[in-house]
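Undergrad: I need the structure of the sequence given here:
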Amino acid sequence: MCTAECNNSWGEYSSWNKSTSVHQLLVSNNPLRMNLTLAVTQIFVWPFVFINILMLFTFYRKQAFRTETRYILFAHTLLTDMIFLFLSDLVVILSYKLALLPVAFCIPLCMFMDAVTSCTPLTITAMCVERYVAICMPLRHSAISTPSRTLNLILIIWIISFIKPFMDVTILVASAPEEYFIEPTLCHYEIMMLEHWHRNMRSIWYIFDFFIILLIEFFCYLMIMIAARRASVDKKSASKGLRTVSLHMIQLILCTVESVCPYIEAEIMEQDNQLYLAVRFFNFITFNVIARAITPLVYGLRDEKFCASMLHYIKCRQNHISSEKKDPST
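TA: Residues are numbered from 1 along each chain as shown. Below you'll find the predicted structure:
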């Protein structure tokens, strides 16, 4: 027999089911919109996935990149962003195809996506701190930023990233009835937050994380700016560090806004269903895809050494293909 708390949870679940039904109805009644949205999504997502794969190939092909902290962190960001884009695109396809899965099957996917999402701002923060150490403490940089410490830091980032989803699933298991986990649903993270106080707690946690990370990045920016005015510091390196940290802060803001988008979309869906679809697609392209697209621009294309290596491998591959075409034996 359900208690009052169980009935409240089931009421929240019924509200979610109602919202999901409305969403399914909207998708099924707009095949043209569905096809157009899917096509635009693929056009935006897969070029960036290809660029990330190309940059990861460049990173693993050159030994010098695998021994520097900033390139290791950069490669980790590329990897997590690529996984996130791939999984997000998968969820979009499943949603528009109305592929309903049991809640129990969606939970691991949602947990992993949330962890990957959290990895990006944490890794960006680590990259900013690395630039701060390199510019403001150049004599200690080689001792502090070692490959082994960087790998340990990446492990810590993953552990921290999984804390929130593990807490959310623990609360869900404790508050939701057993019937909830076998119900078919669309795979969105909101299925793990039935209680109103749970959603509020998660929002507060995101805001707290955002301000902590922003404070760290602002500190790094301020210290690099002060160091740039000193005669003993390389002006060119300090100026480039300032621009890099500035781009990281923009990327951080975009990634953080993404976490509050579902709450904004839920309010809009209750007012105007067509506007909800448009806003949801805009949020996905802007705060999911474009936010991840900044990463290759910040380090990959702006870094002369890395960009030169990437172009070298591209040209070598093109020359290899051209020579195969000219070879009559093939």
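
Undergrad: look up the closest residue to the most centrally placed residue in the chain, ignoring the ones flanking it.
TA: Central residue of the chain (C-alpha atoms, centre = their mean): Thr117, 3.7 Å from the mean position. Once flanking residues are discounted, Thr117 sits nearest to Phe84: 6.2 Å by C-beta to C-beta, 6 or more residues apart in numbering. C-beta here means a position set from N, CA and C on the backbone, and glycine is covered the same way.

Undergrad: likewise Met225?
TA: Leu242 (6.0 Å).

Undergrad: per-residue confidence at that neighbour?
TA: Here, the pLDDT recorded for Leu242 equals 73.

Undergrad: return the distance of it relative to Leu214.
TA: Look at Leu242 and Leu214: by C-beta to C-beta, to the nearest Å, they are 16 Å apart.

Undergrad: one step back: now the residue nearest to Met225: which helix or strand?
TA: Secondary structure from DSSP states H and E places Leu242 in helix 235-271.

Undergrad: following that helix, which helix or strand comes up?
TA: Next along from helix 235-271, by DSSP H and E: helix 273-283.

Undergrad: look up how far Pro177 lies from Leu100.
TA: From Leu100 over to Pro177 (counting by C-beta to C-beta), the distance is 19 Å.

Undergrad: more neighbours: these two, which one.
TA: Leu100 (16 against 13; other C-beta atoms under 10 Å).

Undergrad: find the nearest non-adjacent residue to Ile154, please.
TA: Nearest to Ile154 is His76, by C-beta to C-beta, 6+ apart, at 5.4 Å.

Undergrad: mind listing what the one you found touches?
TA: His76 makes contact with 119, 123, 154, 157, according to C-beta atoms under 8 Å, 6 or more residues apart in numbering.

Undergrad: again, but for Cys136
TA: 223-224, 227.

Undergrad: need the per-residue pLDDT for it.
TA: 83.

Undergrad: ok, the one 5 residues further on next?
TA: Here, the pLDDT recorded for His141 equals 85.

Undergrad: give the contact list for it.
TA: With C-beta under 8 Å, 6+ apart, His141 has these contacts: 133-134.

Undergrad: residues of the helix or strand containing it that come out buried?
TA: Element membership of His141, judged by DSSP H and E, is helix 138-144. Neighbour counts over helix 138-144 (16 or more other C-beta atoms under 10 Å) mark His141 as buried.
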